[in-house]
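In: Give the three-dimensional model of this entry:
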Amino acid sequence: MPTNPDPGQPHTADLVVFGGTGDLSMRKLIPALYHTDRDGRLSPETRVIAMSRGGLTDADFRGKVDAEVRDQVPIDDPELWRRFLGRLHHVSVDVGGEDRSGWKALAELLAGHEDRDRVYYLASPPRTFGPFCRELQEAGLVTPRSRVVLEKPLGHDLVSAQGINDEVGAIFDERQIFRIDHYLGKETVQNLLVLRFANAFLEPIWNSLWIDHVQITAAETVGTPGRRGYYDHAGALRDMVQNHLLQLLTLTAMEPPARNDRESIRDEKVKVLQALRPITGGEVDRFTVRGQYVAADGMPGYLDEPASTPTTEASRRVETFTAIRAEIKNWRWAGVPFYLRTGKRMPYRRSEIVVQFKDVPHSIFPGGSPNRLVLRLQPEDGIELHIMAKEPGAGEISLKPVPMALSFGKTFTTRVPEAYERLLTDVLAGNPTLFMRRDEVEAAWRWIDPILAAWKADPALPEPYPAGSTGPAAAHELLGRSGRTWHDGEDA
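Out: Numbers count the residues shown, from 1 in each chain. Now for the predicted structure:
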């Protein structure tokens, strides 16, 4: 029987984090769990068990969290902080090694709690997912109430993603597998669904008759210091487009689901990916752009960044910026381009979806511009609808675009939770709605793979762009060929 049969009550679980002393755990997961506990959404019995090779005791791990996480979260109740630290445990396990004592120690810690949920969170490289799940099963620690959370990236192409899915799927049923993308936990992403499907005014014009194009941007001001070993073999297309940007595209373009349930929304997202027009062969040159930032204004170029690995041919060929013109071949979106863009060392940090509407059929006022809807994920969650308004004053009418803005932080008095808080709460509750299904991940790779293959076969290097700029010239030409521009202004 469930420990917490009332769905309105916090679920009791043992949350086991593999890679529990790593960067992701200390920067994101542990702070998110503390906020969840602070908000009363963790049951008193829930435990957090970190797994690593560190050889730490429980006291060592609690001391590490106290030293490294305390400054990241508000400690306004010292007793609550002490209670949270008391939830934390550590088990040393060498996955893939001959020493099995760690698995025995974990089994002893979990013994007697087989009736509660077990969540195994793999905050580790994808190559460890299969071996971890296999050794977990060999240790007898997979129960019908177990779930496993997989961090991105899930593979580096379709074949490797299928291999990981096969390995994990041999141990866990699909309903037990939660493939996480933290973008889906952001308030604006969830509000996109509410905006579309809980308001009558927008859905009738959410189609090719009224929308000119859509832009989805994830821009970062930071470079890749110390990360070249990873980024040389990932690049912007794998690191950002295959997961984050395509997830935002599916939620923007999906059809209204029949119900707000666990599978209906995911069914509609998969249909969007399956409807993406493939970009292959010579079209890759026409519809995609890749760039790499070079030194400018005192900022180093990608090849000049501090790195633990030497510069290689892969370093020179990897893209730190990409822009793509995508098309969705269905009745709703035929003829509407979706422009995807992501880059490092850009002049601003911004993640947003811009829905550009068509101009009025016949304007009786000079100086007007089309309406647009901006959904901002960062730096601050919010929604803006830009409409035309008359500037105050006598004489001839002068028009000005004015934003009708909703800032979640200013409108709502409650604290806006971080993305990982929402997603961890959903994992503990067993709700997979905001997580990717196997067919969704593989559909995304099927669309990405031909682009990767064409870039690999092309002897040309990525187009250089100055650090601190809005990207290579070819990215602006991608829109300029049809008379469009990227929304890079202050009001964009």
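
In: Going by C-alpha atoms from here, please, whenever you check contacts or count neighbours.
Out: OK.

In: Residue 14 belongs to a strand?
Out: Yes. Read with DSSP: H, G, I helix; E, B strand; the rest coil, residue 14 is one of the residues of a strand.

In: what about it, neighbour count?
Out: Residue 14: 23 surrounding residues under other C-alpha atoms under 10 Å.

In: what sits against it?
Out: Contact analysis of residue 14 by C-alpha atoms under 8 Å, 6 or more residues apart in numbering lists 46, 47, 48, 49, 110, 116, 117, 118, 119.

In: again, only this time at 10 Å
Out: For residue 14, the contact set (C-alpha atoms under 10 Å, 6 or more residues apart in numbering) comprises 45-49, 87, 109-110, 113-114, 116-120, 146, 428.

In: separation between the residue lying closest to residue 105 once chain neighbours are set aside and residue 474?
Out: Take residue 105 and drop its neighbours on the chain: the residue closest to it by C-alpha to C-alpha, 6 or more residues apart in numbering is residue 91, 6.9 Å away. The spacing between residue 91 and residue 474, counted by C-alpha to C-alpha, to the nearest Å, is 51 Å.

In: quick one: residue 202 and residue 196 touch, right?
Out: Yes. Between residue 202 and residue 196 there is a contact under C-alpha atoms under 10 Å: 6.1 Å.

In: coming back round to it: now for the residue nearest to residue 105, how many residues are close by?
Out: For residue 91, the neighbour count with other C-alpha under 10 Å is 27.

In: swap in residue 403?
Out: Applying other C-alpha under 10 Å, we find 19 residues neighbouring residue 403.

In: Extract the residue ranges of the stretch 151-300 of the chain that are flagged as low pLDDT.
Out: In the prediction, the stretch 151-300 of the chain carries no residues with pLDDT under 70.

In: for it, what spans make up the helices?
Out: Ranges of helices within the stretch 151-300 of the chain are 158-169, 187-197, 228-231, 235-236, 246-253, 264-275, 283-287, based on DSSP state H, counting those that start in this stretch.

In: Restricting to C-alpha, output the third one in CSV.
Out: The C-alpha atoms that make up helix 228-231 are tabulated as CSV, following Å, rounded to 0.1, in the frame of the first residue of the first chain:
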residue,chain,number,x,y,z
ARG,A,228,36.1,22.3,-23.6
GLY,A,229,36.5,18.6,-23.0
TYR,A,230,32.7,18.3,-22.9
TYR,A,231,31.8,21.0,-25.4
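
In: what helices or strands is it leaning on?
Out: Applying 3 or more C-alpha pairs under 10 Å, 6 or more residues apart in numbering; DSSP states H and E, one finds that helix 228-231 contacts helix 313-317.

In: what separates the longest helix that the chain contains from the chain centre, distance-wise?
Out: Across the chain, the longest stretch assigned as helix under DSSP state H is helix 438-457. Centre-to-centre, helix 438-457 and its host chain are 18 Å apart (C-alpha atoms, centre = their mean, to the nearest Å).

In: now do stretch 373-390
Out: Put simply, stretch 373-390 sits 20 Å off its chain's centre (C-alpha atoms, centre = their mean).

In: Now the residue nearest the centre of the chain: closest residue in space that isn't a chain neighbour?
Out: Closest to where the C-alpha atoms of the chain average out (C-alpha atoms, centre = their mean) is residue 183, at 3.2 Å. Nearest residue to residue 183, sequence neighbours excluded (C-alpha to C-alpha, 6+ apart): residue 244, at 6.2 Å.

In: again with residue 40
Out: Once flanking residues are discounted, residue 40 sits nearest to residue 10: 7.9 Å by C-alpha to C-alpha, 6+ apart.

In: next one: residue 29
Out: Leaving out its chain neighbours, the residue that sits closest to residue 29 by C-alpha to C-alpha, 6+ apart is residue 420, at 6.8 Å.

In: re earlier: ok, how many other residues are close to the residue nearest to residue 183?
Out: For residue 244, the tally of surrounding residues (other C-alpha under 10 Å) stands at 17.

In: on that earlier part again, okay, residue 202 and residue 196: which has more neighbours?
Out: More crowded of residue 202 and residue 196, by other C-alpha under 10 Å: residue 196, with 17 against 12.

In: Now do the contacts for the more buried one.
Out: Contact analysis of residue 196 by C-alpha under 10 Å, 6+ apart lists 202, 203, 204, 206, 251, 252, 256.

In: One more: residue 219?
Out: Per C-alpha under 10 Å, 6+ apart, neighbours of residue 219: 321, 341-352, 378, 470-471.

In: bridging residues for it?
Out: Following DSSP bridges, residue 219 is listed with bridge partners residue 343, residue 350.

In: do you know how far it is from residue 24?
Out: To residue 24, residue 219 is 20 Å away according to C-alpha to C-alpha.

In: Could you do residue 38 as well?
Out: Applying C-alpha to C-alpha, the value for residue 38 to residue 24 is 20 Å.

In: The two - which one has more neighbours?
Out: Between residue 38 and residue 24, residue 38 has the larger neighbour count (other C-alpha under 10 Å), namely 17 against 14.

In: my guess is that one contacts residue 78, does it?
Out: No. Assessed by C-alpha under 10 Å, residue 38 is found out of contact with residue 78, at 11.2 Å.

In: Pull up the overlap in contacts between the two.
Out: Common neighbours of residue 38 and residue 78 (criterion: C-alpha under 10 Å, 6+ apart): residue 84.

In: And the helices in the stretch 301-450 of the chain?
Out: Remark: helices assigned in the stretch 301-450 of the chain by DSSP H, counting those that start in this stretch are 313-317, 408-411, 419-429, 438-457.

In: Next, the buried residues of the last one.
Out: Read that as helix 438-457. In terms of neighbour count (16 or more other C-alpha atoms under 10 Å), helix 438-457 has its buried residues at 438-452, 454-455.

In: Check the spacing between the residue nearest to the centre of the chain and residue 305 real quick.
Out: To residue 305, residue 183 is 27 Å away according to C-alpha to C-alpha.

In: now swap in residue 452 and tell me
Out: Counting by C-alpha to C-alpha, the gap from residue 452 to residue 305 is 24 Å.

In: per-residue pLDDT, residue 390?
Out: pLDDT for residue 390: 72.

In: Oh, that last question was meant for residue 71, not what I typed.
Out: Reading off the model, residue 71 has pLDDT 85.

In: coming back round to it: closest one to residue 272 among the helices of the stretch 301-450 of the chain?
Out: helix 438-457 (9.5 Å; C-alpha to C-alpha).

In: I'd like the distance from the helix or strand just after the closest one to the chain centre, please.
Out: For helix 438-457, the following helix or strand on the C-terminal side (DSSP states H and E) is strand 463-466. Put simply, strand 463-466 sits 26 Å off its chain's centre (C-alpha atoms, centre = their mean).

In: ok so, going back, from residue 340, how far out is the residue nearest to residue 183?
Out: Separation of residue 244 from residue 340 (C-alpha to C-alpha): 10 Å.
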